[in-house]
Structures are given as C-alpha cells and as structure tokens.
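>>> quick one, structure for this:
(2 chains)
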There are 2 protein chains.
Amino acid sequence: MIDTDALVIGAGPTGLFQAFQLGLLGLSVQLVDALPQAGGQCLALYPDKPIYDIPGVPVCTGRELTARLLEQLRPIPAGLHFGHEVCTLQPQDDGRFVVGTAVGLTFSTRSVCIAAGVGAFTPRKLKVPGLVAHEQRQVFHHPDDLAPFVGQRVVVVGGDEAALARAAWLAEQPQHPVVTLLHRRDQFSAEAALLDHIAHLRAAGRLQVVVGQITDATEDAARLTAVAVLGLDGQTTPVLLDQLIVCQGLSPRLGPIADWGLVMERKLLPVDTATFETATPGVYAVGDINTYAGKRKLILCGFHEATLAAHAVHARLHPQTPGPLLYTTSSTVLQRRLGLID
Amino acid sequence: MIDTDALVIGAGPTGLFQAFQLGLLGLSVQLVDALPQAGGQCLALYPDKPIYDIPGVPVCTGRELTARLLEQLRPIPAGLHFGHEVCTLQPQDDGRFVVGTAVGLTFSTRSVCIAAGVGAFTPRKLKVPGLVAHEQRQVFHHPDDLAPFVGQRVVVVGGDEAALARAAWLAEQPQHPVVTLLHRRDQFSAEAALLDHIAHLRAAGRLQVVVGQITDATEDAARLTAVAVLGLDGQTTPVLLDQLIVCQGLSPRLGPIADWGLVMERKLLPVDTATFETATPGVYAVGDINTYAGKRKLILCGFHEATLAAHAVHARLHPQTPGPLLYTTSSTVLQRRLGLID
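Alright, predicted model coming up:
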C-alpha cells in the first residue's frame, strides 16, 4: 500500500502537469497510467503531428510536448506507475481513498485527481474466439520486450508503425525464422524509412506479408498452433505460428471510472471551476474528462484546471495555511522544491 | 478610426495569446499597449529572471516567453500598437465600442478584451516642481532613441540597467561631453558586464557619478539649465545640464480603466468563468486584472482565460455558426489561418 497526498490518474499532458503543480505545492504525489509510457492520447493518437496552440510553444509534436512536460516534472519526486490501469476507488471513513490497479498495486491517498482524458488507452483486440485463452502465453498486444520471441515462428498483426517496427526488429535477428506480417491489405502506414526497411526485408526473404483477416484459431494439446486467415480472394488458409503479436492500435475506454459512484454527465465528470472538484469531495477531474460551463477540450485548458485543482487539493489538506500565492520566479521555497537551490 | 472584431488592451503574455486565439478563430484583432514593446509586466519587472511554471517550458525568462509568444502570434494578421495608452472606452448604440488612446488613435470594435494586468506600466517620474514643464523637450523618461542627445550635457537619473545602459551608450559616443549618472547612492543594479563597463567609463573620465537626489530645477529664459542635487552630506549642489534622462523604473497604474463604467471589485474586473466576460456584455477581462472564485494570478491561467474569452467573442459575433471545436493538429481551416498551408 503506497501512502500519498495525491494520486493522479492519467499521465497525458494534463496529468503530468497536475503532478508538477501538486509537487510544487509541496504535496507528495503518485501518477498512474494504463499505457506503458507517459503522453496519453497525445502520444497514442498523434505522436508526430505538430500542435500549434500550446502557449509559448509555437510548434511541437505530441511526443515533444510529452518530453517537455516530463523534463519539467523531473525535479518533483513523484512516483510514476506506467502500465497500470486503475480499477477500484473506495472512499474511506477517514476521508482517504483506497485505489487499486488491475495488477494489484494499491494506494492510500488523501485526494484523487482524475486526468484520464477519454479513458484508459488499451490495445484493440482481435475479435476471434479461441485467442483469449492464449493471452500472455502465445498472444501478446504491443509487447515492449521482443527478446522472448526470438527464434520462434511469429505472426505480427497490424499495419502501422507499432506492428512494422516489431516485425522488422524480429526479422533482423540472426537465425530468426521468416517473420509473418499479417494485415488486411498490402499497404502500410509508417514513416518512409520504415516502409523502405520493410520492403528490403521482404526482398531479402526475411519477412513475408500475408494479406487477410484472422477468423479462427487452431489448438493442439492446449497450445495455439495456427490461425485461419481469410484472404481477399475469399479463401481461408492456415498460417502456422508459435507466437501471435497483435498491434491493432489503442482504443480508449472509460472503463471502471464509471463504476466508482461519481456523478457523471454523458461520460464526463462535472466540476466546480473554482477547484475542479467533482461532486465527491476530495476527487478532482481535469482535462478532457471533466465538464463545466464554457469547457473546451484543449490541452492548455487542462493545464489551468490542473493548477487550480492542485491549489484546491492543498487547501483541502492544509486548511490552516493558505498563505500567499508564491511564484517560481521569486520564491525560494518553490525553487528549493524544483532543486534549483539547496 | 480602425475597425476591428476585437481589441485587446495589454500586450503581456495573456494579451499576446488572446490575440493569437482570436486570430485563430478567424476574427480580426488589434492589440494596444502603453509600453513601447510587447511583454507587459513580465518584461518590465523580470525580463531576465527564470520562470519555471509555464506548461511545457521547463524554464524561460520573461524576455524569452515574450519572444516565444510573439513568434506564435506572427502568422496572425493582428494590428500591433505599442506606446499607446488606452484612455477612453465608449459603448455605442449598435453594440460596438469606440476606444481611444492618449495620442489620438481611435478604434471601432465589436468586442474588447482587457488584458491589462496590474494596469498600464508608465515611467516613474521625479517629484520635483519645475521639471514637468520641460518634459519632451529637456526631460525624457526611458527614451529609446538616444541620437538626439549626442553632443549635449546629459544627466541620466537612475541606478538600474535602463539608466546604466543609456549613460554608457552616450559616454561611448566620440566628442560627447562627460555623462553624469545621478543616483541616490553609489551602488548600481545590473549585470556584471554592464557594471564593469560603467566602472571602465568612470576610470576613463567619460562618465561621472553624482550621488544624491534632485530637489529643484533652475531655468533661464524658459530653458532648464541645472538641477539642484542634495547630497548624502546634506549639501545641495547645482549640476548643469542640457538634457535630463529619467530612468527610475516603471510603475503600473490602473489609470483610465476605472473610469469606463465597468463593475469593479478592489480594482479588479469580476468575470464569468464560462466566457470571461465582465458585467458589460462584449467586454472581457483576462489575466491578472480579472477576478473569479478560485482565481490565481498565474500566467498559465491567463492563457486559459484568453482562450475561453476568444471562443466567447466568436460566439457573440457569430451566434449562428457555433460549429465543432477545431484542433490545430488536424484542422486545415486553422492551419490555413496559421499560414501553414495555402
């Protein structure tokens, strides 16, 4: 059980800045995200597309903005937990909350800031009966570590950068059998260099492309041995395999947030614009997941919301010490928290 | 008379971003500031001090932030008017506003966004009778162009960078008589290089320092000929001069805004957080000059306020076309306004 002043759910731009502001105010903070890295929607949906309306940053990609916010957060001793989807939130009699993740991480926190955007980004799965039973043994979604797959017959499903980069990496390994890249058409979406690299690996016989969709799975002694692929010609062909890597993109789902007993309006959390607190005292909502009069779903608005929420959390936890608003430019207290002075 | 959709009063960070957001929404915009350049309080009070809480910008000075916001504003065809203090704001029967500046610039605008911070920054003046009559002829405050002073006997009053840089520049001019730097003590506040440079000019006899305060002025045939300086020893000495340059810093004053008939609370403009509109329809207030429940005087909050205000101005002027929220990352309409595509 990790004890903290504030738990931030979601490590997109708003969640990262929420953690920064909480830390700047001297509060302990833990940050949890379902994705394996920071950046949220911004990195999942448009990592390399330019954004032009971040104030003071005339242009940056989602990836660059994430890197900038992580750099800004660096001096704050926040606990970062990636790859953890928050599942349960239970208010306690003493005003605290016990928050649990899908894989058993538990927090006892004095406040919760929900910066979950459009929900937790989770891998889109193949809708094929018979595959679920093999997940985490022979069926993997967006795996980060490919070393365990080397030397096995691998089928990678998908047509974007995530699929192509994994297929290419495996095809480059010495003695690795031919990698199968399975996609619904023989056309891929990635940067030119990666497309060229894939073409080169195909020409060299290290990688083969199968066009079609998986319709069925074949087992032998509880092991997945092949998938049935329906081709464009209407024929179904078996493709033998040891491992299936699925990279069909990420899709957000509100998921368990809807089960926490919070007041919601059309899958959004209504908040008070003075504090960004939800109808549940101690639970705040910032960024795309909240709603209020005038709300615009813009990253820069999330930064403001996170800032006022941080001040409200501080006021809730330290009602006796409101004090004046401090500025990073002039306050030695804040500069010490940023590690700028001893 | 300049006709516009929106007039922004104040070119600090919030005013600059206000103009950007208005332009992004396709509205015509004019921006006016009393100071001779953009940056407002940020540049007037802490141009070289680092700021650490601009989201996505781990560190930048007030000068750098201003440069970044000007760069961001560049594609927007906003009219920029520096050195103009807005004096009058008169609502018209047709819902427009006629706005006038101290030196006779007049706007007819459909909306007004007040981003005036703590008020207009104006040079702090010497409280010495007899000097006012000579302003703009022999007494100048923070003049930008020093060429007209070359060859004359100049007294520069002040102890900070603004005073020292001007005194040093004049002292470097060939054939220029010895420059007098007048300050209440023989201690100056500027970067080390400038302090060294001043010491060098003093040692070379190009610049002399007089310690004391001006208490009186001497005239001859309506010309200012000398000032009386009360030294630390209690003695008063005349200092002969042709020109007096006063650099005693800038001081904000709310000024005429208080006379426009707007509802104010403790010199601040209460606003609705959905629109950042004041009690006067069509007049919006953003940044340090506004107040609402939860308000924190932070630059990043001004960015959010300016953004919602821009959307509210757009809704007021185009009530028939609300449309969906567009994103700079994906909208060709916005990208065209930013000059990114034809």
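>>> after the longest helix along chain A comes which helix or strand?
Longest helix in chain A, counting residues (DSSP state H): helix A:299-317. Counting by DSSP states H and E, the element after helix A:299-317 in chain order, helix or strand, is helix A:332-337.
>>> mind listing what's buried in that next one?
A:334-335, A:337 (16 or more other Cβ atoms under 10 Å in any protein chain shown). For every residue, glycine as well, the C-beta is placed using N, CA and C.
>>> helices or strands up against the longest helix of chain A?
Helix A:299-317 sits against helix A:13-24, strand A:112-114, strand A:283-285, helix B:299-317, with contacts defined as 3 or more Cβ pairs under 8 Å, 6 or more residues apart in numbering or on different chains; DSSP states H and E.
>>> can you name the next helix or strand after the first one?
Sequence-wise, the next helix or strand downstream of helix A:13-24 (DSSP H and E) is strand A:29-33.
>>> note down every partner strand of that following strand and its orientation.
Applying DSSP bridges, strand A:29-33 is found paired with strand A:6-9 (parallel), strand A:79-82 (parallel).
>>> and after that strand, which helix or strand comes next?
Sequence order places helix A:40-45 as the next helix or strand after strand A:29-33, per DSSP H and E.
>>> ok, then the element right after that following helix?
In N-to-C order, the element after helix A:40-45 by DSSP H and E is strand A:50-51.
>>> mind checking how far that following strand is from the chain centre?
Distance of strand A:50-51 from its chain centroid, counting by Cα atoms, centre = their mean, to the nearest Å, is 19 Å.
>>> out of the strands paired with strand A:29-33, which one sits most buried?
strand A:6-9 (a mean of 30; mean count of other Cβ atoms under 10 Å in any protein chain shown).
>>> what's that strand in contact with?
By Cβ atoms under 8 Å, 6 or more residues apart in numbering or on different chains, the surrounding residues in contact with strand A:6-9 are A:15, A:18-19, A:22, A:27-33, A:86, A:97, A:99, A:107, A:109-116, A:310, A:313.
>>> tell me the confidence at A:D144?
Reported pLDDT at A:D144 in the predicted model: 83.
>>> so how far is B:A168 from the residue lying closest to it once chain neighbours are set aside?
Spatial nearest neighbour of A:D144, chain neighbours left out: A:P36 (5.9 Å); criterion: Cβ to Cβ, 6 or more residues apart in numbering or on different chains. Distance of A:P36 to B:A168, given as Cβ to Cβ, to the nearest Å: 57 Å.
>>> what's the answer for A:G83, then?
59 Å.
>>> these two: who's more crowded?
Neighbour count, other Cβ atoms under 10 Å in any protein chain shown: between A:G83 and B:A168, B:A168 has more, with 20 against 15.
>>> show me what contacts that one?
So B:A168 contacts B:194, B:197-198, B:201, B:207 (Cβ under 8 Å, 6+ apart).
>>> for chain B, what are the nearby residues on the stretch 1-150 of chain A?
Within reach of chain B by Cβ under 8 Å from any Cβ of the partner chain, the stretch 1-150 of chain A has these residues: A:13, A:17, A:20-21, A:24, A:46, A:49-58, A:60, A:62, A:65, A:68-69, A:71-72, A:74.
>>> which of those residues are buried, as a PyMOL select command?
Applying 16+ other Cβ under 10 Å to those leaves a buried subset, and the PyMOL line that selects it is:
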select buried, chain A and resi 13+17+20+21+24+46+50+51+52+53+54+55+56+57+58+60+62+65+68+69+72
